[in-house]
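>>> below: sequence and its predicted model.
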Amino acid sequence: MKRTAFYHSSHRSAFLRPGRLSVITLLASAASITQPAFAAGTLAGTNIENIATASFDVGAGTVDIQSNAAVILVDELLDVTVTSSDPGDVATTNGATNAALTYRVTNNGNGPESYRLTPNVANGGDDFDPVFAQIVIDANNNNVYDPGVDTVYVAGTNDPLLAPDQGVTIFVLINIPATQTNGQRANVSVTAAATTGTGAPGTTFAGQGQGGGDAVVGTSGADGEANGFLRVDAASVALAKSAAVVDPFGGSNAVPGATITYTITATVSGAGSLTNLVVNDPIPAGTTYVAGSLALQSTLLTDAADADAGNFNGSRISVALGNVPAGQTRTITFRTVIQ
């Protein structure tokens with residue numbers, strides 16, 4: 001008896017009389033899309049396509065058929081990390097403005113996402129709450145805060161838009177109250193939250209993913225947070241002034257014609273350094289300044305306002321000491337004559 005096989009290709013299926021075909025081989029093939037591997041896997045919006053094939057023998061030879069295509073649209077996974085880029089406490093001084101803490105925001109999801117940045121200066125585990133100034137985005141990607149070059153962040157206006165695996169450096173600028181003391185620390189955190197939405201892992205935002213798929217919250221909750229610390233290195237200066245008198249007779253009597261040598265010692269203590277320290281001293285009434293007697297660290301200075309650190313303007317001496325680190329001293333001397 002002749003065995004007959006029937007098939008209908010429009011339905012991509014086959015109907016076989018029993019015993020004619022012993023083996024049917026199914027071959028699965030993924031869509032021919034080549035793409036790099038990202039932190040969260042396949043790019044959001046990608047179609048994953050799968051088609052099965054079968055072949056069988058008929059009297060006239062072999063017939064191949066295909067199944068319908070099974071297409072799955074890859075949803076967008078919302079994941080982000082925020083890390084502090086500072087190796088330790090950032091040293092600052094009391095009264096400082098725009099002390100910069102550095103953070104890195106990285107998109108660990110599989111689709112492009114923008115992030116809302118929120119600072120917090122009222123964290124626990126520190127000594128004081130500083131004053132938030134602004135967040136700045138590293139415009140030239142050099143990981144160093146460059147005033148006037150880097151971009152000031154405005155929430156909702158220029159939220160960083162990051163591709164998968166892309167990161168951006170941000171700076172949180174902080175002002176320090178002048179009342180803080182040496183060694184005090186401030187805990188400053190910043191949060192980056194996906195603008196599509198945040199929530200418990202698995203939370204789904206239907207149709208809001210890349211390519212029209214869903215957006216699904218990953219293990220980070222779609223918001224990341226990191227903390228950084230500022231440490232106040234408060235330096236202070238103490239001025240000590242002494243006077244030595246030599247009279248015209250070789251003694252030390254303060255009589256007219258006697259010379260007074262004044263010595264001013266500036267001692268910087270605490271931690272850090274004092275910036276642009278300047279010492280001024282008016283010439284005492286009843287005395288006359290001795291021209292050319294002004295010295296810093298035993299080195300004579302000119303009386304004119306010129307390239308060196310000192311000057312005499314007719315009524316007072318002035319010496320610019322510059323930036324003086326804590327633990328160092330600077331000594332100024334000058335002479336006057338009692339009238």
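Cool, the structure landed.
>>> and the nearest residue to Gly111 once chain neighbours are set aside, what is it in contact with?
Excluding its sequence neighbours, the residue lying closest to Gly111 (C-beta to C-beta, 6 or more residues apart in numbering) is Ala44, at 3.2 Å. Quick note: C-beta positions are derived from backbone N, CA and C, even for glycine. Contacts for Ala44 (C-beta atoms under 8 Å, 6 or more residues apart in numbering) come out as Val74, Asp75, Glu76, Leu77, Gly109, Asn110, Gly111, Gly209, Gln210, Gly211, Gly213, Ala215.
>>> what about Ala44, which SS state?
Classification of Ala44 by DSSP: H, G, I helix; E, B strand; the rest coil places it in coil.
>>> which residues does Val82 bridge with?
For Val82, the residues forming beta bridges with it (DSSP bridges) are Val105.
>>> my read: it touches Ala194, true?
No: applying C-beta atoms under 8 Å as the test, Val82 and Ala194 come out as separate, 11.9 Å apart.
>>> of those two, which one has the most company?
Ala194 (28 against 23; other C-beta atoms under 10 Å).
>>> tell me the bridge partners for that one.
Listed by DSSP bridges, the beta-bridge partners for Ala194 are Tyr115.
>>> and the gap between it and Val58?
56 Å (C-beta to C-beta, to the nearest Å).
>>> wait, which of the contacts of Ala44 is closest to Glu225?
Ranked by distance to Glu225 (C-beta to C-beta), the contacts of Ala44 are led by Gly109 at 16.6 Å.
>>> contacting residues for that closest one?
Ala39, Ala40, Ala44, Glu76, Leu77, Leu78, Asp79, Val80, Pro164, Ala194, Gly218.
>>> go again using 10 Å as the cut-off
By C-beta atoms under 10 Å, 6 or more residues apart in numbering, the contact list for Gly109 reads 38-41, 43-44, 76-80, 162-165, 194, 196, 209-210, 215-218, 220, 222.
>>> can you check Gln184 too?
Contacts of Gln184 (C-beta under 10 Å, 6+ apart): Asn94, Asp126, Asp127, Phe128, Pro130, Ile176, Pro177, Leu230, Arg231, Val232, Asp233, Ala234.
>>> which pLDDT value belongs to the residue most central in space within the chain?
In the chain, the residue lying closest to the centroid (C-alpha atoms, centre = their mean) is Thr102, at 2.1 Å. At Thr102, the model reports a pLDDT of 98.
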